[in-house]
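Asker: model this:
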Amino acid sequence: MSFLAIDCGNTRLKWALYASPQPGAVLLRQGAVFLETIDDLAEGDWKDLPAPHSMLGCVVAGDTVRRRIDEQMELPDGWDFDPHWVVPSPHEAGVDNGYDHPNRLGADRWVALIGARARAVAAAPGQPRPALVVMVGTAVTVDALDAGGRFLGGLILPGFGLMLKALEMGTAGLKVPTGDVVDFPTNTSDALMSGGTFAIAGAVEHQHRRLRERCGAEPLLLMTGGAAVKLASVLEPRFETVETLIFEGLLAIQSRRLRL
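Answerer: Now for the predicted structure:
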C-alpha cells in the first residue's frame, strides 16, 4: 500500500514515496525538482519508481502546474490511481480552520498546520501544546495553532529573495552580492541580508510571544522550508526544523480519510 506525497511550491516540487499512508510510515524514496523540469518527471525521477497505490498532494503554483504533474503521473506505465489534491476545508485531521474563508487558505499552510497538530498530539497525547508553524520559502508564513487544534490565523511576509529584489528594483545602487547576517553590518551586502533576516525573525518572535500569552502555554515552534536555515542563528525561542512537515500533514490526512 505505498503512498506518494507531493508538495509543489512556487519554485520546486518535492515528492516522497512511503511504504504506507500513515504517520510514521517508512520513507522509501524522495526527490525534488524545479518547476521548469517537472515535464521530465516520468522519464527522470519517476522512471524506475515502483507504482504507488495512492497519492495525495498540495500545490500552490496554480492549476496549470497541477495539470502538468497529473500528466506525468499518467505516463509511467499508467499508475493505477486517481490523483488527489488537498483543498483547504473548515475541518480536517483534527484541525479547525479559523480563516474567514477557509478555502482561501493556502493548501501548503493548511497541510503544514495538520502536520504540526499531529506532532503536538504525538508529543503529548493528553495535553497538546499550541504550535507556531513557520514556512520559509519564496514567501514566509507564520501560522498559529492553539492547544485545541484551531488555526487562529497567521502572517504572510516576503521571503529573502523577494525582499532583496524589491530593494534592488526600488533603490538605486543596491545590486550587490548576498551578504552575511551580523549584528551591526558595516557594508551594504551584510546590511541587506541582516535586515531581511531580522525582519522575519522579529515577526516570528512577535507571534510566538502573542500565542504564548493567548494560550497560557509555551508553543511548539516548528520551521520548515528551504531558507529556514537562515533564521537558525538569530531566533531566540527554541525551535525545531522539520523539513518533512508537509509530507507529515499529507500522511495524517490520507490516514484519516482511509479510516472514515
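
Asker: switch to C-alpha atoms for all contacts and neighbour counts from now on
Answerer: Fine.

Asker: What part of this protein, helix or strand, is modelled with the least confidence?
Answerer: Every helix and strand of the chain was ranked by mean pLDDT, DSSP states H and E. The lowest is helix 160-170, at a mean of 82.

Asker: for it, packing partners?
Answerer: helix 188-215 (3 or more C-alpha pairs under 8 Å, 6 or more residues apart in numbering; DSSP states H and E).

Asker: What residues sit buried inside the helix it packs on?
Answerer: By neighbour count on 16 or more other C-alpha atoms under 10 Å, the buried set for helix 188-215 is 188-198, 200-201, 203-205, 207-208, 211-212.

Asker: picking up where we left off before, quick one: work out the angle between the least confident helix or strand of the chain and helix 188-215.
Answerer: On the basis of axes from the mean of the first three to the mean of the last three C-alpha atoms, to 10 degrees, helix 160-170 is oriented at 130 degrees to helix 188-215.

Asker: List the buried residues in helix 160-170.
Answerer: 160, 163-164.

Asker: Send over it as CSV, restricted to the C-alpha atoms.
Answerer: Taking Å, rounded to 0.1, in the frame of the first residue of the first chain, the C-alpha atoms of helix 160-170 are listed here in CSV:
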residue,chain,number,x,y,z
PHE,A,160,14.6,36.7,1.5
GLY,A,161,14.7,36.8,-2.3
LEU,A,162,11.6,38.9,-2.7
MET,A,163,12.8,41.4,-0.1
LEU,A,164,16.2,41.8,-1.9
LYS,A,165,14.5,42.0,-5.3
ALA,A,166,12.2,44.7,-4.1
LEU,A,167,15.1,46.8,-2.7
GLU,A,168,17.1,46.4,-5.9
MET,A,169,14.1,47.5,-8.0
GLY,A,170,13.2,50.4,-5.8
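
Asker: got the contact list for the closest residue to residue 106 other than its chain neighbours?
Answerer: Among residues not flanking residue 106 along the chain, residue 60 sits closest, at 6.8 Å (C-alpha to C-alpha, 6 or more residues apart in numbering). Applying C-alpha atoms under 8 Å, 6 or more residues apart in numbering, we find residue 60 in contact with 8-10, 106-108.

Asker: Kindly supply the ChimeraX command isolating those of these that are buried.
Answerer: Selection of the buried residues among those in ChimeraX, burial being defined by 16+ other C-alpha under 10 Å:
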select :8,9,106,107,108
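
Asker: Sort out for me which of the contacts of residue 60 are in helices.
Answerer: 107-108 (DSSP state H).

Asker: for the contacts of residue 60, which one is nearest residue 82?
Answerer: Closest approach to residue 82 among the contacts of residue 60 (C-alpha to C-alpha): residue 8, at 17.5 Å.

Asker: Quick check: the gap between the nearest residue to the closest one once chain neighbours are set aside and residue 254.
Answerer: Using C-alpha to C-alpha, 6+ apart and skipping residues adjacent in sequence, the residue nearest residue 8 is residue 59, 4.6 Å away. Shown here: residue 59 relative to residue 254, a distance of 16 Å by C-alpha to C-alpha, to the nearest Å.

Asker: Across the sheet, point out what pairs with the nearest residue to residue 54 once chain neighbours are set aside.
Answerer: In this structure, residue 54 finds its nearest non-sequential neighbour in residue 3, 5.1 Å apart by C-alpha to C-alpha, 6+ apart. Here residue 3 sits in beta bridges with residue 18, residue 54, going by DSSP bridges.

Asker: Phi first, then psi, for residue 132.
Answerer: With angles defined as degrees, to the nearest 10, residue 132 sits at phi -120, psi 120.

Asker: what residues are up against it?
Answerer: Neighbours of residue 132 in contact, by C-alpha under 8 Å, 6+ apart: 142-145, 207-208, 211, 219-222.

Asker: and these as CSV, adding secondary structure and distance to residue 90?
Answerer: Converted to CSV, the contacts of residue 132 look like this (DSSP: H, G, I helix; E, B strand; the rest coil; distance: C-alpha to C-alpha, whole Å):
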residue, secondary structure, distance to residue 90
142, strand, 19
143, strand, 16
144, strand, 16
145, strand, 14
207, helix, 23
208, helix, 24
211, helix, 21
219, coil, 23
220, strand, 23
221, strand, 23
222, strand, 23
